[in-house]
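[1] test case, fold it:
(chains A, B and C)
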Amino acid sequence: MIRLVPRSEPSAAWTYLAPVFAVALTVAAGFVLFALMGYDPVETLYHFFVSPLSSRYGVAELVVKATPLVLIGVGLSIGFRAGVWNIGAEGQLTLGAIFGGGLAIWLHDSESILLLPAMVVFGALGGALWAAIPALLKTRFNVNEILTSLMLTYVATLLLSALVHGPWRDPEGFNFPESRLFPDAGTMPILLDGTRLHLGALLAVVAVGVAWFILSKTLLGFQVKVVGAAPRAARFAGFSQARMVWFSMLLGGGLAGIAGLSEVAGPIGQLVPEISPGYGFTAIIVAFLGRLHPLGVLFAGLLMALSYLGGENAQIAVGLPTAVTGVFQGLLLFFVLAADLLVRYRIAFGSSPEAKAA
Amino acid sequence: MNAPTPRLALSGITKRFPGCLANDAVDLEVLPGETHALLGENGAGKSTLVKIIYGVLAADQGEIVWEGQPVTIRDPNAARKLGIGMVFQHFSLFEALTVLENIALGMPGERDMTALAARVKSVAGTYGLPIGLDRYVHDLSVGERQRIEILRCLLQDPKLLIMDEPTSVLTPQEVEKLFETLKRLAAEGCSILYISHKLDEIRALCQRATILRGGKVVTVCDPRTETASSLAGMMIGSELARPTPRDQRDAGAVRLEVEDLDLVSPEPFGIDLKNVSFSLRGGEILGIAGVAGNGQIELQEALSGEVPVEPAGAITIDGQPAGTLGPAARRKLGLAFLPEERLGHGAVPGMSLTDNALLSGYGPKRLLAPGGVIREDRTRAFAEEVIERFDVRTPGVEAEARALSGGNLQKFIIGREIEQRPTVLIAAQPTWGVDAGAAARIHQALFDLADAGAAVLVISQDLDELLAISDRLVVLHLGQLSEPLKTADVTAEQIGLLMGGAGTPAGADLGSETAVQ
Amino acid sequence: MSLDPVILALITIVGAATPLLLAALGEAVVEKSGVLNLGVEGMMLVGAVAAFATAVGTGSSTLALLAAALAGAAMALLFGFLTLTLLTSQVASGLALTIFGIGLSALIGSPYVGTPLERLARLKVPGLSDLPVVGPLLFSHDVLVYFGLAMVPVIAWFLNRSRAGLVLRAVGDNHEAAHAIGYPVIRIRYMAVLFGGMMAGLGGAYLSLAYTPMWIEQMTAGRGWIALALVVFAAWRPVGILIGAYLFGGVTILQLHAQGGAMIDIASQYLSMLPYIATIVVLTLMSSGAARRRLQAPACLGRPFHPTA
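    Got it, this is the predicted structure:
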């Protein structure tokens, strides 16, 4: 019989070890999984985790994929800290792409250097607007934000599909469901020649820095933490829970919107029906793996990006189905959640020493 | 002394908790058909003793004899098998289920709901406990909920029924109904152990009373031949700790004015505040006495701003209407608040003392730079100042609040509020769980604050504390306040009567009766 | 024999409603015990792919349904171990279950993309099935449709009339009190969670065996989440879930027909949004203010239970 014995205080060592432990367990599970599927586990793990990083281009691709994950993960981690479960970041990402991308399509002749900044602002607005719907429903009508933000994701995807099949379809695009290509002024500049590494990566780093500053240095961040950790103490201090819902939803939505915009204005370069392989959902894992800390999210984002990259690489190298990536990500989140327990509890075996409850 | 074998006899029951001797060699004897009162102040050890009888707690020493046989009661199930039933002060009912379902869940053997319903109906009829079996608990009044608990016990044919403060949340009409039921039960031979501090009830209902004070039996008497005043004297003790008189000061201006404050509690077990009015001047310490659960929590929430009240004028802080303001805005007016619950309310358990200093101190102590940026040096200095001035034992300012002992955390929280130099301080249970030295330090800090011109309101269940530190006393009973009394002139009897409801309209029926005698 | 288009539409409503009905009925039992499992989508997907792979591999629809129920239960067991034994956050673990389920089903299903499968057999009742209108409408469905409909009164009876159901509701309403009386809170919750997993797995199986007899990645398309919303809509009552599932089925089919028949000149995507928007509207109506109290959400929903703490 396994029992959980609460620790008198959280284990400092496990606070840092838990994510590492979870990653190690995931790799071990991958070893077993690959072996069961009939692949050489060592070779497959190598192609999954090591060889993608053996070239300059590979490292740049890692950052390209980490960019949206970190942008979204940072916003979600602030929300999760406040006890706000925004899981519709995928939809907010899509709306960001629609708003920012829409601007580029509308001003497709523009050569202004202000176009790209305006697109970023529009992207943030689009994502924030989409997140405002669950925030409003939560604060006004007490509607669970999990279900509403998720439903809005499907609506957002359909909206994007309707636009690129309809009014925003490229007039010279042979009827493909794609918008016209964004003008150069509306495209993220490449930071490293010969790669796809673009300006969005810098935006992600800035987001990490700003979020870290807010969380650890300002009263606003303090309010987020108190509302999430001890709602009654928050009331005592006079911190408003509704304000925290609004703040974390708008921030999370805005950052997801920027992530969406930087995808369509970056590697994609136009609006297409599918602009994300589920970055909005994977960012949930990123947030937890990073222990809801902005710097942790940065590392976790890079690691999760590696799982996408590794999945593609292993498919090419040994023919591993790309779906393995999804399994890996789900397993990792399980292990992260379970390992987190070791911070607050220790595991004991055998029956309870107290014969009788007092 | 009596011919019949006692149904229950306790001898030498001792129970020790860390830092406190809850029961000290307690003897108790309950005869068949007797209604026996267990009388004492909060903390006298009544609840501990009945929990031992009901098998919830195990005694460290002593013997329990049930109908002449020594027994060990390992758990509530064993108690029920012997024929002991207990109605707790707070009921453990299932809100979303019906009355009948609640009763059925307590009787694991009972499968046939129709037969059970018939039995419940017959028992309910016999003892005058009318209740709709298909009604949902969440729709029921507190009195009706209590009836379910009593029915649950009666269905097991108890020989001893323990009632823990059964009337503390009942209306006078419900109390009357309950008494009829209990009298009928006693007439049929069931023994009743009745725990209360309400003197008139005990005089009306019980044949004998065992009076506890500080975990010891003071005396056993026949309450019918005593007056409420003499019972109160035995319960509280004649040697009242008289206040060390503070230098009389000129009372300052009115700093906190509460006028006709009404508040309907949102909680199912809550108490509504009715017509609460008092005023508090600078330099003055006002004590609010009363038994727990008479509206203290609600009053604290209304005064702190955690539950804003209408109209704004119901609460005035330094001449500013503040009823509709939240806690932060009231703090700007000079209010500080020490909540009863430390972890999770007065402090965030998983945060450092520095962060917890910030929790309420960010405004008054100017811990923020423009733009809401935390001034870490000042915050840390503030935390260190509190730790030093109030002798908080902690490894340092980075220790988590939950790592501190209760007493040290209490010192930290009250220090945090006092060091903000409030003009009005609301302190609930300021010395609960702290040792004597720390309590003296806290009391001195309250004196100093008052001497500096602040108005101090202390809400406490510790009567000795209130008598020692407050200039005036009021008693809270069922959400209403008594007239204020000067602490210097007050007697234990007076306070005991007021705590039993003699000074407020809700308790007037019982109170006036005693006043005549 | 050609069918009246109206009857055809009604039959397809049954198809669209059945997976929602199955999954939501299971989740209602889970939530009544006080556990919020947000992993319905993941359990449905794994159930769908397990059923499809088994049907292709063995040719037996009985085995396929069994596999779906077992696969859903296995996923639920994972969730139960995390939340009930390891006391992890139910919300986060439910999300993890869905993410894992999406990945796992895609992995298992990758060899089956494009594989054809014969639809789950419709049960014919001699005589009755051949009746006009009534025959195709009532007597020509597959076993899962009838199973789902039968489960409505069964679960209603279980929750409201049986002793075990009473204990289950008590655990969901006040786990401390239930524990104090002596009911095994954790064991009861495990059983509820497993049942919910089986029902979600069968709901998924309906999609891959009957509704569109093939395997497509993420073929549930949010139905697991809609099922969660349905439970709230129905105020945890089986009959309410039945009504809700058929209403949503109706909305789904209506928009499909509107698209197909070009009754309205509007992009199909906007019509496809309807079920999701309807879900949000319904949730808002059901969650606000006074209605919320009437709903009687289980009081312990989502709260972890640690008896020694």
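
[2] please count neighbours and contacts with C-alpha atoms only from this point.
    OK.

[3] find the closest residue to chain C in the stretch 101-250 of chain A.
    A:Phe141 (4.5 Å; CA to the nearest CA).

[4] same deal with chain B?
    Closest point on chain B to chain C, by CA to the nearest CA, is B:Ser92, at 5.5 Å.

[5] can stretch B:108-121 be found next to chain C?
    Yes: using CA under 8 Å from any CA of the partner chain, stretch B:108-121 reaches chain C at B:Arg111.

[6] flag every buried residue along that stretch.
    For stretch B:108-121, burial by neighbour count (16 or more other CA atoms under 10 Å in any protein chain shown) applies to B:Leu116, B:Ala117, B:Val120, B:Lys121.

[7] among those residues, which are in strands?
    Among the buried residues of stretch B:108-121, the subset assigned to strands under DSSP state E is empty.

[8] need those in TSV (columns: distance to chain A and pLDDT).
    Below are those laid out as TSV (distance: CA to the nearest CA, whole Å; pLDDT from 0 to 100):
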residue	distance to chain A	pLDDT
B:Leu116	31	92
B:Ala117	33	93
B:Val120	32	93
B:Lys121	35	92
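
[9] B:Val56: what secondary structure?
    For B:Val56, the assignment made with DSSP: H, G, I helix; E, B strand; the rest coil gives coil.

[10] my read is that it contacts B:Ala79, right?
    No: using CA atoms under 8 Å, B:Val56 is not in contact with B:Ala79; the gap is 9.3 Å.

[11] ok so, going back, so the residue of the stretch 101-250 of chain A closest to chain C touches C:Met286, yeah?
    No: in this structure, A:Phe141 is not within contact of C:Met286 by CA under 8 Å, at 9.2 Å.

[12] quick one: which of the two has more around it?
    Between A:Phe141 and C:Met286, C:Met286 has the larger neighbour count (other CA atoms under 10 Å in any protein chain shown), namely 21 against 18.

[13] and the more buried one, what pLDDT?
    Per-residue confidence (pLDDT) for C:Met286: 79.

[14] just to check, it is in contact with C:Val231?
    No: using CA under 8 Å, C:Met286 is not in contact with C:Val231; the gap is 10.8 Å.

[15] point out where the stretch 301-450 of chain B drops to low pLDDT.
    B:433, B:435-436 (pLDDT under 70).

[16] rerun that using 90 as the cut-off
    Scanning the stretch 301-450 of chain B for pLDDT under 90 picks out B:310, B:340-344, B:349-350, B:363-365, B:371, B:390-400, B:402-408, B:410, B:429, B:431-444.

[17] follow-up on the earlier one: quick one, phi psi at the closest residue to the residue of chain B closest to chain C other than its chain neighbours?
    Leaving out its chain neighbours, the residue that sits closest to B:Ser92 by CA to CA, 6 or more residues apart in numbering or on different chains is C:Ala177, at 5.5 Å. Dihedral pair for C:Ala177: phi -60, psi -40, per degrees, to the nearest 10.

[18] show the contacting residues for C:Ala177.
    B:Ser92, B:Leu93, B:Phe94 (CA atoms under 8 Å, 6 or more residues apart in numbering or on different chains).

[19] have a look at the residues you listed and tell me the least confident one.
    Within these, pLDDT is lowest for B:Ser92, at 82.

[20] where exactly do the strands run in the stretch 1-150 of chain A?
    Assigned by DSSP state E, counting those that start in this stretch, the stretch 1-150 of chain A shows strands spanning A:2-6.

[21] in stretch B:33-44, what counts as buried?
    B:Gly33, B:Glu34, B:Thr35, B:His36, B:Ala37, B:Leu38, B:Leu39, B:Gly40, B:Glu41, B:Asn42, B:Ala44.

[22] residues of the stretch 151-300 of chain A that sit close to chain C?
    Counting by CA under 8 Å from any CA, the stretch 151-300 of chain A sits next to chain C at A:Met151, A:Leu152, A:Tyr154, A:Val155, A:Leu158, A:Leu159, A:Ser161, A:Ala162, A:Gly166, A:Phe281, A:Ile285.

[23] let's see 10 Å
    A:151-163, A:165-166, A:278, A:281-282, A:284-285, A:288 (CA under 10 Å from any CA of the partner chain).

[24] show me how to select, in ChimeraX, the buried members of these.
    Applying 16+ other CA under 10 Å to those, the buried members can be selected in ChimeraX as follows:
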select /A:151,152,153,154,155,156,157,158,159,160,161,162,163,165,278,281,282,284,285,288
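
[25] now, the residues of the stretch 151-300 of chain A next to chain C that are in helices?
    Members of those lying in helices (criterion: DSSP state H): A:151-163, A:165, A:281-282, A:284-285, A:288.
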